[in-house]
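Engineer: From the sequence below, what's the structure:
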Amino acid sequence: MSLAPLGPSGPRLRVEHVSRFRYESTVSASYNECRLLPTSDARQQVLSARVSVEPVTWRREYVDYWGTRVVGFEVHTEHDELEVVGAVDAVVAPAGTPPDAGWDAVRDPAVRDRWCEFLVATQRSRPSEELAALAQDAAAGLAPSVAAQAVCQLVSDRLTYRPGSTGVHTLAMEAWDAQSGVCQDFAQLAVGALRSVGLPARYVSGYLHPKADAEIGQTERGESHAWVEWWAGEWYGWDPTNVKPAGHQHIVTGRGRDYGDVPPVRGILAGGGAAQLTVQVSVTTLS
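Structural biologist: Numbers count the residues shown, from 1 in each chain. Got it, this is the predicted structure:
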């Protein structure tokens, strides 16, 4: 398979993402899908990527409507535990310069038609009236990419990163009111606010290497992470949790309107009761 050429070369990273589910009682069957496999594009080159599942009865891989690689799998034997492991080896380019298209280009009818699904608020990402008004003020008179950074800064200034303060079902407006959240909340608030000022914006799921200057061969405890991309002539990634462009520390595994389009692992069970989930992500700099 030919790979998309990269611009500037970046570090080669290896990521291992382990999810273990332990169930309160025996599960007789489960139906699941995971989004742990990145694709090559202009800023990341995937050298290898695989998902292993134990136990598993049946699986298949496909690409969903948003362009994300999905592994669907079923288990038809009784089990008390389920383990899903994603392993990725990829080269990631540093962040580039924000695109400089003007509002005429962003508001072009053909552009708005092409990216219409990334211009509409979803239930998860809908901003409060307060945030929408602040975003309009922040963006006034600025070029699209400058406005986008100003809007994302509103979110970064408002929220305090607090692990465990919210859950996967928390709405953007709830996180805004609570003034705290995790990366998912920062990203959902940012895409909602960006769309409210007329910028196409999408939610990005992936991994974050915690150290920008990690030594070769060094393995660090990584994280599943979320950030945003806005369109101003081309797509550009921004991490509102860490207030910086998405660059060589960020590996993309999926894009969508909000978290609901790109959960790492989800499924339905027959039996099982409550489930205890543990997640471990490790990132190693290979070169």
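
Engineer: any idea how far residue 233 is from the closest residue in space to residue 115 that isn't next to it in sequence?
Structural biologist: Across the structure, with CB to CB, 6 or more residues apart in numbering as the measure, the residue nearest residue 115 apart from its sequence neighbours is residue 200 (3.8 Å). C-beta: built from backbone N, CA, C; applies to glycine. Counting by CB to CB, to the nearest Å, the gap between residue 200 and residue 233 amounts to 11 Å.

Engineer: So between these two, which is more surrounded?
Structural biologist: Ranked by neighbour count (other CB atoms under 10 Å), residue 200 and residue 233 place residue 200 first, with 23 against 15.

Engineer: Touching, the more buried one and residue 118? I think so.
Structural biologist: Yes. Applying CB atoms under 8 Å as the test, residue 200 and residue 118 come out as touching, 4.3 Å apart.

Engineer: Find residues that contact each of the two.
Structural biologist: residue 231 (CB atoms under 8 Å, 6 or more residues apart in numbering).

Engineer: CA atoms only for stretch 255-269, dumped as PDB, please.
Structural biologist: Taking only C-alpha atoms (Å, rounded to 0.1, in the frame of the first residue of the first chain), the coordinates of stretch 255-269 have been written out as PDB:
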ATOM      1  CA  ARG A 255     -12.900  12.600  13.400                       C
ATOM      2  CA  GLY A 256     -16.500  13.400  13.800                       C
ATOM      3  CA  ARG A 257     -19.100  16.000  15.000                       C
ATOM      4  CA  ASP A 258     -18.500  15.200  18.600                       C
ATOM      5  CA  TYR A 259     -17.500  12.400  21.000                       C
ATOM      6  CA  GLY A 260     -20.500  10.300  20.000                       C
ATOM      7  CA  ASP A 261     -19.000   9.700  16.500                       C
ATOM      8  CA  VAL A 262     -15.600   8.500  17.700                       C
ATOM      9  CA  PRO A 263     -15.700   6.600  21.000                       C
ATOM     10  CA  PRO A 264     -12.600   4.300  21.300                       C
ATOM     11  CA  VAL A 265     -14.700   1.300  22.400                       C
ATOM     12  CA  ARG A 266     -18.400   0.800  22.700                       C
ATOM     13  CA  GLY A 267     -20.900  -2.100  22.600                       C
ATOM     14  CA  ILE A 268     -23.900  -3.800  24.100                       C
ATOM     15  CA  LEU A 269     -24.000  -6.900  26.300                       C
END
